[in-house]
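turn this into a model:
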Amino acid sequence: MGKALAKITYPHIIFRHDIADGEPVIEGTRITVRCIAGYYQMGMSVDEILTNLTHLTSAQVHSALAYYFDHQKAIDREIKESSDIAFWKKQVGRIAAKRKARV
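Residues are numbered from 1 along each chain as shown. This is a model prediction of the structure:
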């Protein structure tokens, strides 16, 4: 009990007040953790997210998902309150259509 808790860090995740109002974003991008979480909640796999956001790496997406899972309650609340859901549904529908076309 005498040891201080270690601060958890997430590689590839940064906070800057001049990007997305200080929300956690993937470093070098304007992609928020909330965006990645939204795609994930819509049923997209990591590979499908990477297909849609081709400039990201697998490590970046996994880091964003790790942050999301550690802060899920707050991020889920933000997603519910945002208007991004229609955008995510459109993206998931587009990817599903591409998948069907390949079959």
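
please identify the helix or strand for the residue most central in space within the chain.
Taking CA atoms, centre = their mean, the centroid of the chain lies closest to residue 36, which sits 1.8 Å from it. Using DSSP states H and E, residue 36 maps to helix 33-41.

pull out the buried positions in that helix.
For helix 33-41, a neighbour-count test (16 or more other CB atoms under 10 Å) marks 33, 34, 35, 36, 37, 38, 39, 40 as buried. For every residue, glycine as well, the C-beta is placed using N, CA and C.

now that helix, how far from the centre of its chain.
4 Å (CA atoms, centre = their mean, to the nearest Å).

quick one: mean pLDDT over that helix.
Confidence for helix 33-41, expressed as mean pLDDT, is 92.

go on, stretch 19-30?
For stretch 19-30, the mean pLDDT works out to 95.

which parts of it are buried?
So, applying 16+ other CB under 10 Å, buried residues of stretch 19-30: 19, 20, 23, 24, 25, 26, 29.

so what touches that stretch?
By CB atoms under 8 Å, 6 or more residues apart in numbering, the residues outside stretch 19-30 that reach it are 10, 12-16, 31-34, 36, 55-56, 60, 63-64, 67.

buried among the residues you listed? Make that a PyMOL selection.
This is the PyMOL syntax for the buried subset of these, where burial follows 16+ other CB under 10 Å:
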select buried, resi 10+12+13+31+32+33+34+36+56+60+63+64+67
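
which ones among the contacts of stretch 19-30 lie within strands?
Using DSSP state E, 13, 14, 15 are the members of those that sit in strands.

my guess is the first one contacts residue 32. True?
No: checked against CB atoms under 8 Å, the pair residue 13 and residue 32 is beyond contact range at 9.9 Å.

circling back to that earlier point, mind checking how far the residue nearest to the centre of the chain is from residue 59?
12 Å (CB to CB, to the nearest Å).

can you give the distance of stretch 44-56 from its chain's centre?
Here stretch 44-56 is found 10 Å from its chain centre; the criterion is CA atoms, centre = their mean.

what's the local residue count around the closest residue to residue 40 other than its chain neighbours?
Counting by CB to CB, 6 or more residues apart in numbering, the nearest residue to residue 40 once its immediate chain neighbours are dropped is residue 65, at 6.2 Å. Residue 65 has 18 neighbours, counted by other CB atoms under 10 Å.

having no further points to raise, I will conclude here.
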